[in-house]
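J.: Structure, please.
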Amino acid sequence: MLSSIKIWGEVAMVVLPENLALASVLKQRCQRLGQIMDRPAIFWSGRAPARNYPGSPYAFRANSHFLYLAGLPLENAAIRIEGNKLELYLDEGGPSAALWHGETPGRDAIAEAIGADAAFALSDLVSKTQDAATIAVQDSYTREQQAKLLGRPILASRGLSEIDLKLANAMIELRLYHDELAIAQIREALATTVAAHKAGMAATPRAKRESQVRAVIEGVMVAEDVSPAYGSIVTVHGEVLHNEQYHHAITPGDLLLVDAGAESSMGWSSDITRTWPTSGRFSATQRDVYEVVLAAHDRCIAAMAPGVEYRDIHLLAAQVFAEGLVDLGVLMGKPEDLVAQDAHALFFPHGIGHLLGLDVHDMEDLGDLAGYAEGRKRSKRFGLGYLRLDRILQSGMITTIEPGFYQVPAILHDPANREKYKKMVNWEKLAQYADVRGIRIEDDILVTDQGSEVLSAALPCDVSSIEQLVLAGV
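T.: Numbers count the residues shown, from 1 in each chain. Presented below is the predicted three-dimensional model:
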């Protein structure tokens, strides 16, 4: 069990474990990093930016690289790792902290909880920065402090200094493959997410706006005292891939696309998308397209295993899409030829998924360093340019699988696309599917020695089960 305690002054929320399991795991992670790095590494947690004045901040989220090694979401803190030694740098809460926020654990207690060898005030870090590598934190205040103390520009991804690039690659090596604690945390996050989606489905028939369904979904997360892992997508306009607007009316005949995931108690992410009919029953055309998306989803998951190229998983999804849309009469030609010319990308423009871990798009603060294996670069092809992961799958990796069908006006009405694909798309047939704006089905997949495990399998995605879950709220 974990108990939540707030620490204020120059620090924020911290979660102290009731046993030594966390400290043991963190020690192993730090030791592994120390074996890779031949110089000290310093990680800052960052600070919450102010909403409008300093005393009214946005919610704090610790930098994920810091969180991976420190385990606790300490605000305005740093850790220094050299060899097998972990040091914590953190200021104690001032006298006013107890007045406003109650008694809180001290620096030494926090250090013991994370297995730190020593603990110091944050100002003591000044004398420990020589030859140290780091990774940029997202907030500008902390990044300025990093640059000032280390005496060099600290960049987020491109143009990293030699020592910072080495540290970035070392963290990728560690975080690509998840240990037992990380997997357990993602399972914890998914349990909340599955419950949230089911509650959202049941609430939909009575909802008048998207925001009301969102409130139910995120209410389940709040009730578990955790946060959304990212901005929830709850929309009848599923053709807008990252739609975070919630003011649209819900009417019978709509499809509601919901992409929402909770964090675990220690900040690990989950990521599930389901699409369901607001009235509880798919129309015939909606069902036809849904089955194409589901076929791509199922075949991609079945193909995942150690040694498989993730790019090939994406291309398999493209092939299944082309086959299904040819069967529906929307696309015309041989499926393999259509994929070669990226005709499928008119309706499936994004990649099949991404890494998942402490970040919902794990380690994308490092640009493509984590997603793309050494020597690989993003394709300029229409059908491959948004692929977020291009690596050989290995046991311990967790990725999403999320095929989708979308009718994006900017793509379908583009004159160049109309001309290029005029003999490949039956535009009149496509018009019959006007009630399908967007459909996405997403699950979180652990690559295992035997193949793969669908970590989010507790939330079904077949047509019958989806309809039953929605109709339960009628």
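
J.: how deep is the residue nearest to G438 when sequence neighbours are not counted tucked in, by neighbour count?
T.: Distance criterion C-beta to C-beta, 6 or more residues apart in numbering; nearest residue to G438, sequence neighbours excluded, is G238 at 2.2 Å. For glycine as for every other residue, the C-beta is placed from the backbone atoms N, C-alpha and C. By other C-beta atoms under 10 Å, 26 other residues sit near G238.

J.: Quick one: residues contacting Y246.
T.: R209, E210, S211, R214, V234, T235 (C-beta atoms under 8 Å, 6 or more residues apart in numbering).

J.: can you do 7 Å?
T.: Residues near Y246 by C-beta atoms under 7 Å, 6 or more residues apart in numbering: R209, E210, S211, R214, V234.

J.: Wasn't it part of a strand?
T.: No - the assignment for Y246, made by DSSP: H, G, I helix; E, B strand; the rest coil, is coil rather than a strand.

J.: which non-adjacent residue is nearest R376?
T.: Residue nearest to R376 in three dimensions, not counting chain neighbours: D390, with 5.1 Å by C-beta to C-beta, 6+ apart.

J.: Sorry, wrong one. I was asking about E244.
T.: Nearest non-adjacent residue to E244 (C-beta to C-beta, 6+ apart): G231, at 4.6 Å.

J.: Spell out, range by range, the helices that occur in the stretch 201-350 of the chain.
T.: Remark: helices assigned in the stretch 201-350 of the chain by DSSP state H, counting those that start in this stretch are 210-223, 284-303, 310-328, 335-340.

J.: And the contacts of the first one?
T.: What that stands for is helix 210-223. Residues contacting helix 210-223 (C-beta under 7 Å, 6+ apart): 192, 195-197, 199-200, 203-204, 207, 227-228, 232, 234-236, 246-248, 250, 256, 258, 260, 262.

J.: mind giving me the domain split of the protein?
T.: 2-175, 180-471 (automatic domain parsing).

J.: Distance from the first one to the middle of the chain?
T.: A distance of 21 Å separates the C-alpha centroid of domain 2-175 from that of its chain, computed with C-alpha atoms, centre = their mean, to the nearest Å.

J.: begin at 314 from here
T.: Renumbered: residue one is now 314, and that last one reads domain 315-488.

J.: And the average pLDDT for that domain is what?
T.: Averaged over domain 315-488, pLDDT sits at 87.

J.: Check stretch 681-693 too.
T.: Rounded mean pLDDT across stretch 681-693 is 96.

J.: Contacts made by stretch 335-344 with the rest, please.
T.: Under C-beta under 7 Å, 6+ apart, the answer for stretch 335-344 is Y381, L382, G384, I394, N397, L399, A426, I427, G428, L487, D492, L494.

J.: which one of these is nearest Q781?
T.: L494 (35.1 Å; C-beta to C-beta).

J.: Which of the helices or strands spans the closest one?
T.: L494 belongs to helix 493-516 when assigned by DSSP states H and E.

J.: For L759, which residues are in contact?
T.: Per C-beta under 7 Å, 6+ apart, neighbours of L759: I496, I711, S765, E766, L768.

J.: What about the second one, how many residues nearby?
T.: Meaning I711. Neighbour number of I711 under other C-beta under 10 Å is 25.

J.: Report the separation between the residue nearest to G751 and V571.
T.: As judged by C-beta to C-beta, to the nearest Å, G551 and V571 stand 9 Å apart.

J.: Which residue ranges of the stretch 664-787 of the chain form strands?
T.: Under the criterion DSSP state E, counting those that start in this stretch, the stretch 664-787 of the chain carries strands at the ranges 711-714, 717-719, 751-753, 756-760, 765-767.

J.: Those strands: which one's closest to K693?
T.: So among those, strand 717-719 is nearest, using C-beta to C-beta, at 21.1 Å.

J.: what does the closest one contact?
T.: Against strand 717-719 from outside (C-beta under 7 Å, 6+ apart): 551-552, 554, 602, 605-606, 660-661, 663, 749, 751-753.

J.: which residues does T586 bridge with?
T.: D572, E755 (DSSP bridges).

J.: before we move on, the earlier item: most tightly packed of the domains of the chain?
T.: domain 493-784 (a mean of 19; mean count of other C-beta atoms under 10 Å).

J.: start to end distance for it?
T.: One end of domain 493-784 sits 37 Å from the other (C-alpha to C-alpha, to the nearest Å).

J.: what's the answer for stretch 410-428, then?
T.: 25 Å.

J.: And I563, its phi and psi?
T.: Dihedral pair for I563: phi -100, psi 120, per degrees, to the nearest 10.

J.: how far away is it from R522?
T.: 6 Å.

J.: what does P716 give?
T.: P716 is 28 Å from R522, by C-beta to C-beta.

J.: One more: S692?
T.: 39 Å.

J.: do the same with D444
T.: For D444 relative to R522 (C-beta to C-beta), the value is 56 Å.

J.: Thanks a lot, see you next time.
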